[in-house]
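*Asks:* return atomic coordinates for the entry below.
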Amino acid sequence: MGFFDKLFGKKDKESLDQGLQKTKEGFLSKITKAIAGKSSIDEEVLDNLEEALIGADVGVTTTLQIIEQIGKRVKENKYLNTNELNGLLQQEIASILVDAPDQSLHGFTLPEGKKPYVILVVGVNGVGKTTTIGKLAARFKAAGNQVILGAADTFRAAAVDQLTIWSERVGVPIVKQAMGSDPSAVAYDTVASAVAKNADIVIIDTAGRLHNKAHLMDELNKIKRVIQKIIPDGPHEVLLVLDGSTGQNAIEQARQFTATTEVSALAITKLDGTAKGGVVLAISHQFKIPVKYIGVGEKVEDLLVFDKNEFVKTLFELSN
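*Replies:* Coordinates of the predicted model:
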């Protein structure tokens, strides 16, 4: 029985298997071609493997570290052959992924002593940010938590409307103001409401603009300051949402957001429709930020808590 079997049951494991199918097919086919006809791991195999990993959107920096480590292992263990390469790859890939925060290992429960737990969600428009917030609200509520949403992306009517639809669908309250309102005022009212209602968790949406990074930084810093007027150690988490199907563009977005705010966790969406799932490895490794959630489908239950060992294991398994 694996991690997801114990945590949510077989459905989540099935969602992971199915959601990563395109990535698995591309990933494994590239690795298979890299070692075809070889009986041992030599320089040519390593060169082919390097090309395969880069082609799977694992990224140059991350790929080079994986190849370097495998090269060292081969030198230390002269007997290694291509049959053992899959196991070796799984070990090295898992080792470069940043471990997720402890609370994520317990699913959608929350750490003690932080009530309400405040999550500030950032990311550009179109990556599935609002949808991810809605799914998070649903899953936290299903785990027995009282949730409140804050619509602090006041520059886009569509963002507020979409989050309102999710709040109604999930059955959780939302705090919002008129279009063009000060986002920090929305954040303040949301946290104040959560404290008054003794809520467990607050999830606040923010504007997804990168054209003016200085303005974005000022805006996010102001939101943090007003939250801290009520909850001194808040926000407890800054969650960056990235679209996994965009490959290297997701890495560039991560670079820009980590330069403007203190991102503490990642949610990577839309992995079910792409063969570029290797970007998960590149982003986590390059920015030293844990991936906390992955999206592998449209349904609420297709937003999964990320477990690096289960993720890597699944990459090397093809469905029958």
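*Asks:* what about Phe108, distance to Val241?
*Replies:* For Phe108, the distance to Val241 equals 17 Å [C-beta to C-beta, to the nearest Å]. Every residue, glycine included, has its C-beta placed from N, CA and C.
*Asks:* those two: which has the busier surroundings?
*Replies:* The residue with more neighbours, out of Phe108 and Val241, is Val241; 26 against 21, by other C-beta atoms under 10 Å.
*Asks:* wait, a strand at that one?
*Replies:* Yes - applying DSSP: H, G, I helix; E, B strand; the rest coil, one finds Val241 inside a strand.
*Asks:* ok, now how distant is the residue lying closest to it once chain neighbours are set aside from Thr206?
*Replies:* Spatial nearest neighbour of Val241, chain neighbours left out: Gly123 (3.7 Å); criterion: C-beta to C-beta, 6 or more residues apart in numbering. Relative to Thr206, Gly123 is positioned 8 Å away (C-beta to C-beta).
*Asks:* could you list the domains of the protein?
*Replies:* Here the domain parsing of the chain from automatic domain parsing is 3-96, 107-310.
*Asks:* most tightly packed of those domains?
*Replies:* domain 107-310 (a mean of 20; mean count of other C-beta atoms under 10 Å).
*Asks:* off-centre distance for it?
*Replies:* Relative to its chain's centre, domain 107-310 lies at 10 Å (C-alpha atoms, centre = their mean, to the nearest Å).
*Asks:* first-to-last residue distance for it?
*Replies:* With C-alpha to C-alpha, to the nearest Å as the measure, the first residue of domain 107-310 is 14 Å from its last.
*Asks:* turn the domains of the chain into a markdown table, including mean pLDDT and distance to Phe316.
*Replies:* As requested, those are arranged in a markdown table below (pLDDT from 0 to 100; distance: least, C-beta to C-beta, whole Å):
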| stretch | mean pLDDT | distance to Phe316 |
| --- | --- | --- |
| domain 3-96 | 79 | 6 |
| domain 107-310 | 91 | 11 |
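*Asks:* among the ones you listed, which is nearest Glu317?
*Replies:* Checking the domains of the chain against Glu317 by C-beta to C-beta gives domain 3-96 as the closest, at 6.9 Å.
*Asks:* pull the distance from that closest one to the chain's centre.
*Replies:* Centroid separation for domain 3-96 versus its chain: 20 Å, with C-alpha atoms, centre = their mean.
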